[in-house]
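Participant: Let's see this in three dimensions:
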Amino acid sequence: MSDLLEMGFFGEYSHALDEKGRIIIPAKLREGLGETFYISRGYDNCLAVFTKEKLQEILDRIQKKGESSVTARDMRRRITSSVSVSTPDKGGRVAIPLKLRESVGIKKEVVSVGMGDFIEIWAKEEWDKYLAEHDDDIVDFE
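Facilitator: Numbering: from 1, shown residues only. As a prediction, the model looks like this:
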């Protein structure tokens, strides 16, 4: 497992989709992504942005479960069917395919959230809804 503090994907950043369906990945998040990264459907109605190494780690874990695992096949389909290989332009903008935007309700306002070793991209309305619904959650990890 990677050291989450070393990855450095932290913080919440609000921004808008431009007329070409692009967003600017904030510089503080973009630094650790490398030249090419991967955008896929995530969980909880958001998109996930992975480095090559993180996506490979996830796919390796799924593969270890074996082809006979229904859950592993479902996870593999969910991730690989929606992956978009992305490279930011000189302005740090990256296009998010329409199908991915529609799958999570992204229309204009977007929130990028650093998750330590990957990034989530939310439609602002969905992020606000998520925060409101989980504001008082206390999770026991033991």
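Participant: Tell me who's in contact with the residue nearest the centre of the chain.
Facilitator: Closest to where the C-alpha atoms of the chain average out (Cα atoms, centre = their mean) is Ala48, at 1.4 Å. Shown in contact with Ala48 (Cβ atoms under 8 Å, 6 or more residues apart in numbering): Ile39, Ser40, Arg41, Gly42, Phe118, Ile119, Glu120, Ile121. C-beta coordinates here come from the backbone N, C-alpha and C atoms, glycine included.
Participant: Can you list phi and psi of the nearest residue to Ala95 once chain neighbours are set aside for me?
Facilitator: Nearest residue to Ala95, sequence neighbours excluded (Cβ to Cβ, 6 or more residues apart in numbering): Arg22, at 4.9 Å. Per-residue torsions, Arg22: phi -110, psi 150 (degrees, to the nearest 10).
Participant: ok so, going back, of the contacts of Ala48, which is the nearest to Leu17?
Facilitator: Closest approach to Leu17 among these (Cβ to Cβ): Ile121, at 10.1 Å.
Participant: Would you verify that the closest one is located in a strand?
Facilitator: Yes: looking at Ile121 with DSSP: H, G, I helix; E, B strand; the rest coil, it is inside a strand.
Participant: partners of the closest residue to it other than its chain neighbours in the sheet?
Facilitator: Closest residue to Ile121 apart from its sequence neighbours, by Cβ to Cβ, 6+ apart: Leu47 at 4.2 Å. In this structure, Leu47 bridges to Arg41, Ile121 when assessed by DSSP bridges.
Participant: how deep is Leu47 tucked in, by neighbour count?
Facilitator: 23 (other Cβ atoms under 10 Å).
Participant: just checking, it touches Ala123?
Facilitator: No: counting by Cβ atoms under 8 Å, Leu47 does not reach Ala123; the two are 9.4 Å apart.
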